[in-house]
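Chemist: A predicted structure for the sequence below; I have some questions about it.
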Amino acid sequence: MLMLGGTPSPDEDGAPRTDADGRFRIGGIGTETVQLAVAHSRHAPLLIAEQPVVEGLELKLSHGRFVRVAVHGPEGQRVPGARVFLAAGYPPWAASWPPSLGDTFVWQHAACGELTAVAFAGDRAFERPLAPGCEDEEVDVEVTAWQTVTVQLTGAPAEQGMEVVLAGLGQPQRQVLDARATEVRFDVVFPGRYEARAVAWIDGKEERLSQPVALEVTADNPTSVTLELRGP
């Protein structure tokens, strides 16, 4: 399959395919150069950022290399909804997105040239370079904190063993309070709806020490909420 495009992920629909002899023809091109991608399920994609329009072009595909990209948040947190592609050239350009295996993305036939693994989480992109070569490659991408949530504490004074919990996307975050605490801060990986609450563990059970407060984390500004402690 051959694709012409000027976007990070050209549309494969309607892309010309080679015939039984491996030949192809693309007509009606109105420019002198094109971006060219050649894709095959058992070969590495061939990505050419600037290909002059000529007749008699010969292209050779390779088997490529195995690449695995793992995506995680701070302290190994899961990053639901993350996407990854391998990019070549500038601006970054890729032929297709791989299937996701949980938090891991795998290419059986990645190109052997210089590549960049680009992970998308929310509206942010995180890049990791891959050196050229045909050896297997495993890349780890950490999605760092995206926004700060400040929880102000009022009412009864904080006591030893109290916790503030921020629950929403992914695993709930917890911070243990000391007697002088008047606020705590959380680093949030994704925008969305969250709930803050103060709790304590009494006789092996979690007891709420405040009413839960819902909040919406957005890209515009850091978020602040207030919890009124009532004491254990």
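Modeler: Cool, the structure landed.
Chemist: Domains in the protein, by residue range?
Modeler: Using automatic domain parsing, the domain ranges for the chain come out as 2-52, 65-142, 147-229.
Chemist: low-confidence ranges in this protein?
Modeler: For the chain, the stretches with pLDDT under 70 are 1-16, 49, 89-101, 122-123, 145-146, 158, 219-220, 231-232.
Chemist: picking that back up, same list (the domains of the chain) but as a markdown table, adding mean neighbour count and distance to Leu59.
Modeler: In short, each C-beta sits where N, CA and C put it, glycine included. Below are the domains of the chain laid out as a markdown table (neighbours: other Cβ atoms under 10 Å; distance: least, Cβ to Cβ, whole Å):
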| stretch | mean neighbour count | distance to Leu59 |
| --- | --- | --- |
| domain 2-52 | 13 | 6 |
| domain 65-142 | 17 | 13 |
| domain 147-229 | 16 | 41 |
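Chemist: Which one of the ones you listed lies nearest to Glu58?
Modeler: domain 2-52 (9.9 Å; Cβ to Cβ).
Chemist: still on that earlier bit, is it possible to export the domains of the chain to a markdown table including distance to Glu58?
Modeler: Converted to a markdown table, these look like this (distance: least, Cβ to Cβ, whole Å):
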| stretch | distance to Glu58 |
| --- | --- |
| domain 2-52 | 10 |
| domain 65-142 | 18 |
| domain 147-229 | 47 |
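Chemist: tell me the helices in this structure, going along the chain?
Modeler: Taking DSSP state H as the criterion, the chain carries no helices.
Chemist: got the contact list for Gln108?
Modeler: Listed by Cβ atoms under 8 Å, 6 or more residues apart in numbering, the contact partners of Gln108 are Gly64, Phe66.
Chemist: If we use 10 Å, what do you get?
Modeler: Ser41, Arg42, Ala44, His63, Gly64, Arg65, Phe66, Val67, Arg68, Pro98 (Cβ atoms under 10 Å, 6 or more residues apart in numbering).
Chemist: can I get the residues you listed in TSV with distance to Val225?
Modeler: Formatted as TSV, these follow (distance: Cβ to Cβ, whole Å):
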residue	distance to Val225
Ser41	50
Arg42	54
Ala44	50
His63	54
Gly64	50
Arg65	48
Phe66	46
Val67	42
Arg68	39
Pro98	39
